[in-house]
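Q: Dropping the sequence and predicted coords here.
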Amino acid sequence: MLLKVPEVLPAPVVTRIRSVIEQADWSEQRPVGALPGVPARLNRQLPEDGKAARAARAMVLDSLGQSVMFFTGALPKKIFPPLFNRYDTVANQFDNHVDTALRTWAPTGTQVRADIAVTIFLSDPREYEGGELVIEDHYGTQSIKLRAGDAILYPAANLHRVQPVTRGVRLASYFWVESMVHEDERRRLLYELDMSILALRARHGESAELARLTGCYHNLMRMWATT
Ligand code: NI
């Protein structure tokens, strides 16, 4: 399931995050993959445990915690601490790849199974050219470029790449989620059900049928969720 979550970061939070990370040291540049089978990669990373990344990460996590749509779509068990990257016209390349299945957060040794990959756009589309996140799924190739503050959630198992940036700077936060519901199809069903229940309740108020549907949601969660 590809899920766009609009405004997961409200505009004032995007502004605050950018004011922190834009002044940070982006000198770390990942080299182009030189080994066979390793995708070419050249972008800039904010040092993971630096002051700027820690401050910006706290703001991202705070906003994620308030997003019903993010929670419903991801059903997070563990969230890998959000990271930050920067593509410009020099460091602008990340070829097709599938994300590593298991991620270890070095400072604590915590392991996260990457079920869902998340990108939160921090630059507006008009600030740069290129830089689309291209995801290959069962329905073909999706090209994603969202407004600052919007997020895209997609299965980490999918092949994806970032198109070269040809003008401007593309800033983003990215991370992975280990979900309480491992299977993408099950998460999609739960998401559809939950969102429909919320919409029905908003439109018609409570009803006996809605109570039964809500029961179905929780009983599916009971069957499928691991904690
Ligand atoms: Ni990736």
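A: The structure has been received and is ready for your questions. Numbering: from 1, shown residues only.

Q: CA only for contacts and neighbour counts going forward, please
A: Will do.

Q: what bits of this structure have low per-residue confidence?
A: Counting by pLDDT under 70, the ranges of the chain that qualify are 28-41.

Q: centroid residue for it?
A: With distances taken as CA atoms, centre = their mean, V118 lies nearest the centre of the chain, 1.2 Å away.

Q: which residues does it bridge with?
A: In this structure, V118 bridges to L153, F175 when assessed by DSSP bridges.

Q: residue contacts, it?
A: Applying CA atoms under 8 Å, 6 or more residues apart in numbering, one finds that V118 lies in contact with A151, I152, L153, Y154, Y174, F175, W176, V177.

Q: Dig out what Q111 forms beta bridges with.
A: Bridge pairing for Q111 (DSSP bridges) gives the partners T104.

Q: and the gap between it and K77?
A: With the distance defined as CA to CA, to the nearest Å, Q111 ends up 12 Å from K77.

Q: To what extent is P81 buried, counted in neighbours?
A: Neighbourhood size, P81 [other CA atoms under 10 Å]: 18.

Q: sec struct for it, please.
A: For P81, the assignment made with DSSP: H, G, I helix; E, B strand; the rest coil gives coil.

Q: State the distance from it to N96.
A: In terms of CA to CA, P81 sits 23 Å off from N96.

Q: did I read that right, T166 in a strand?
A: Yes. Counting by three-state DSSP, T166 is found in a strand.
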